[in-house]
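Visitor: Fold the following for me, if possible:
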Amino acid sequence: FRSVIARGQPKEDGADTEFESLVEESTERKPQVDEHGMFDIRNLGQIPGVIEGSPVMRRVPSRPGVNGFTVKGQVLKAKNGRPVPYASKLKGVVPDADDPDLLRAAITGRPVRVARGVHVEPAIDFPSVDMSTGHVDFDGSVTVLGDVQPLMKIRASGDVVVHGTVTAEIGRAH
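Guide: Presented below is the predicted three-dimensional model:
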């Protein structure tokens, strides 16, 4: 015959504040399949972006710890989670008017995760536009520090500035 005579309760430490991204952060772009089922090695897909007003990050508040006790009733003190604020000077984002734990994009652009937050950048820079970058498709402004190679395309909703040369191949109409 077994019977419980005394029982303790383990302590449960709290959890620190966590930051949860609400946007696609994939920087890996890969060749897309066209309407004929063929891979287009120049089309690597659109660069992930957000529009103004989109939720971009949620701060999950810290949780307090729960004290435990030994079989003799001694308190086992739990550690509370640390509350952590968003990083200061985040660019292109604003706290939601009704929820201070939610960040929204203040502008249209590319989300870039940083420690304790996210920036939204309205522009993106490329050293050049060639096979390594693929076509550029971005909701915002694009700056190309070098050249745009033949057959490469740039689509942007903002300004496009090219500091190098833009080479075009002229073909014959058939």
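Visitor: burial count for Asp147?
Guide: 17 (other C-beta atoms under 10 Å). For every residue, glycine as well, the C-beta is placed using N, CA and C.
Visitor: Hmm, Thr165 and it touching each other?
Guide: Yes. Here Asp147 reaches Thr165: they are 5.0 Å apart, a contact under C-beta atoms under 8 Å.
Visitor: show me what contacts Ser141?
Guide: Pro122, Ala123, Ile124, Ala156, Gly158, Asp159, Val160, Val161 (C-beta atoms under 8 Å, 6 or more residues apart in numbering).
Visitor: So what sits opposite it in the bridge?
Guide: Ala123 (DSSP bridges).
Visitor: how close does it get to Ile47?
Guide: 12 Å (C-beta to C-beta, to the nearest Å).
Visitor: Quick check: neighbours shared by those two?
Guide: Ile124.
Visitor: Got the phi and psi for Asp125?
Guide: phi -110, psi 140 (degrees, to the nearest 10).
Visitor: Test my guess that it contacts Phe138.
Guide: No. Using C-beta under 8 Å, Asp125 is not in contact with Phe138, being 10.8 Å away.
Visitor: Show me which of these two is the more surrounded one.
Guide: Phe138 (21 against 12).
Visitor: Now that one: closest residue in space that isn't a chain neighbour?
Guide: Closest residue in space to Phe138, ignoring its immediate chain neighbours: Ile47 at 4.6 Å, by C-beta to C-beta, 6 or more residues apart in numbering.
Visitor: Which residues are in contact with that neighbour?
Guide: By C-beta under 8 Å, 6+ apart, the contact set of Ile47 is Arg29, Arg110, Ile124, Val136, Asp137, Phe138.
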